[in-house]
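Engineer: Take a look and give me a structure for this.
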Amino acid sequence: MTQETSNTARKRVLSGMRPTGKLHLGNYMGALKNWVSLQHQYECYFFIADYHALTTDYADTSCLKQNVSEVVLDFLAAGLDPSVCTIFRQSRVPAHFALNDLLAMITPLSWLERVPTYKDQQEQLREKDLATIGFLGYPLLQSADILLYQPEFVPVGQDQAAHVEITREIARRFNHLYGAKRSAAIASAKSDKERLAELEQEEDVREILPEPKVLLTPSPKLPGTDGRKMSKSYGNTILLSDPEPELRAKLKTMVTDPARVRRTDPGDPEKCPVFDLHKVFSPPEVQAEAAQGCRTAGIGCIQCKGWVADAIVAELAPIQERRSHFEANPAQVASILDDGAQRANARAAVTMNQVYAAVNLE
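Structural biologist: Sure thing, here's the model as predicted:
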């Protein structure tokens, strides 16, 4: 059975990541590991969102090309298989911007201004000038990214589920505008506002851009070395590509239960960020021993950190082996991206043909 024949029988999934450089454990456990599983169940499209990198970092693009390369290597190292999923760069599919521009014609400004992360990121990134159309419109571009492939599902964690809702709203509005059955009542509407109101009451609607559903995926709590959420902006990450000595050195500095001031002080593993890592990476018997040792002061924090380091090193060993292979074969990586772009462009063309026909631009 060919891949194309096989994929047509599977529901489609779409997701992407911004290229901010080498990926860390939080990226892996929060998304990438799930993608590796999903690729065997669905027709999957995974992309590097290099256009999105410009929404906040447009003033300095000197690292963009290298960051894209690092993310692609980590995608492949984690186990994404280009023979069963499509891996591509967003910027190599011009239809992303074409659909974005068409959707911009119908998307109310107020929808973009109410997105929670809009004001949050402006507050967090005060050092950057984010008073741009590109930054305000990033949720719209994100919606175009999704709708372009007409996926059934978008895999996200529980805390990101709301981000898909604006995509569903935009798809619904497009379908009502251009997929609704035209009736005499609509034609006689006295204004665009009245016409739109009638369209949105129309029940006979053709779903040109299907509303994607959220595919909730496991996203375990993964603290960084300072106890906060693992994030490059906090400088507290453990990279998938960190050599073992560097990984162990980072973990040795990780904060623990503040109650354990001295080696002999008992602690509470539920208050310790290191134990959160044990829950994700260590086998049950090691978790139990670490918890007991912490509560009784039977082990010190250095020993506890050493055990979790062992588990993380074991998890990353095959990933780093695959990364070394692809680092040594840049032509193979380039070929994978070229093939992915061809597949993505072909699928995007199907959607755009339907969109252009619906809007009478064909």
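Engineer: Low-confidence stretches in this structure?
Structural biologist: 1-8, 119, 122-124, 181-204 (pLDDT under 70).
Engineer: can you do 50?
Structural biologist: Low-confidence segments of the chain, defined by pLDDT under 50: 1-7, 183-188.
Engineer: Show me the strands in it, by range?
Structural biologist: 12-17, 43-48, 85-89, 153-156, 213-216 (DSSP state E).
Engineer: so what strands line up beside the second one?
Structural biologist: Which is strand 43-48. Applying DSSP bridges, strand 43-48 is found paired with strand 12-17 (parallel), strand 85-89 (parallel).
Engineer: Return the most buried member of the strands of the chain.
Structural biologist: strand 43-48 (a mean of 26; mean count of other C-beta atoms under 10 Å). For the C-beta atoms, the positions are set from N, CA and C on the backbone; glycine is no exception.
Engineer: that older thread, with residue 114 as the reference, name the closest of the strands paired with strand 43-48.
Structural biologist: Closest approach to residue 114 among the strands paired with strand 43-48 (C-beta to C-beta): strand 12-17, 23.1 Å.
Engineer: circling back to that earlier point, mind checking which of the strands of the chain is nearest residue 56?
Structural biologist: strand 12-17 (14.3 Å).
Engineer: Pull the distance from that closest one to the chain's centre.
Structural biologist: Strand 12-17 has its C-alpha centroid displaced from the chain centroid by 7 Å (C-alpha atoms, centre = their mean, to the nearest Å).
Engineer: now do stretch 40-52
Structural biologist: 9 Å.
Engineer: how long is it end to end?
Structural biologist: Stretch 40-52 has an end-to-end distance of 27 Å (criterion: C-alpha to C-alpha, to the nearest Å).
Engineer: swap in stretch 29-43?
Structural biologist: 21 Å.
Engineer: List the buried residues in it.
Structural biologist: 29-36, 38-39, 42-43 (16 or more other C-beta atoms under 10 Å).
Engineer: biggest separation within those, which pair?
Structural biologist: Pairwise over the buried residues of stretch 29-43, using C-beta to C-beta, the maximum falls at 29 and 43, 24.0 Å.
Engineer: show me where the stretch 251-362 of the chain has helices.
Structural biologist: For the stretch 251-362 of the chain, the helices defined by DSSP state H, counting those that start in this stretch cover 273-281, 284-296, 301-327, 330-358.
Engineer: So which of those is nearest residue 165?
Structural biologist: Judging those by C-beta to C-beta, what sits closest to residue 165 is helix 330-358, at 20.5 Å.
Engineer: and the angle from the closest one to strand 85-89?
Structural biologist: 90 degrees (axes from the mean of the first three to the mean of the last three C-alpha atoms, to 10 degrees).
Engineer: Tell me the helices and strands packed up against helix 330-358.
Structural biologist: Packing partners of helix 330-358 (3 or more C-beta pairs under 8 Å, 6 or more residues apart in numbering; DSSP states H and E): strand 43-48, helix 64-78, strand 85-89, helix 95-104.
Engineer: could you dump these to a markdown table with distance to residue 10?
Structural biologist: Converted to a markdown table, these look like this (distance: least, C-beta to C-beta, whole Å):
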| stretch | distance to residue 10 |
| --- | --- |
| strand 43-48 | 4 |
| helix 64-78 | 20 |
| strand 85-89 | 11 |
| helix 95-104 | 22 |
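Engineer: Ok, which of these comes nearest residue 218?
Structural biologist: helix 64-78 (15.3 Å).
Engineer: quick one: the closest one to chain centroid distance?
Structural biologist: Distance, centroid of helix 64-78 to centroid of chain: 14 Å (C-alpha atoms, centre = their mean).
Engineer: Contacts for that helix next, please.
Structural biologist: 17, 19-23, 27-28, 32-33, 35-36, 46, 48, 50, 53, 57, 82, 87, 89, 240-241, 319-320, 322-323, 326-327, 333, 336-337 (C-beta atoms under 8 Å, 6 or more residues apart in numbering).
Engineer: List the buried residues for that helix?
Structural biologist: 64, 67-78.
Engineer: list the contacts for residue 209?
Structural biologist: 147, 150, 171, 174-175, 351, 355.
Engineer: Pull out the buried members of those.
Structural biologist: Buried among the contacts of residue 209 by 16+ other C-beta under 10 Å: 147, 150, 171, 174-175, 351, 355.
Engineer: Farthest pair within these?
Structural biologist: 175 and 351 (13.0 Å).
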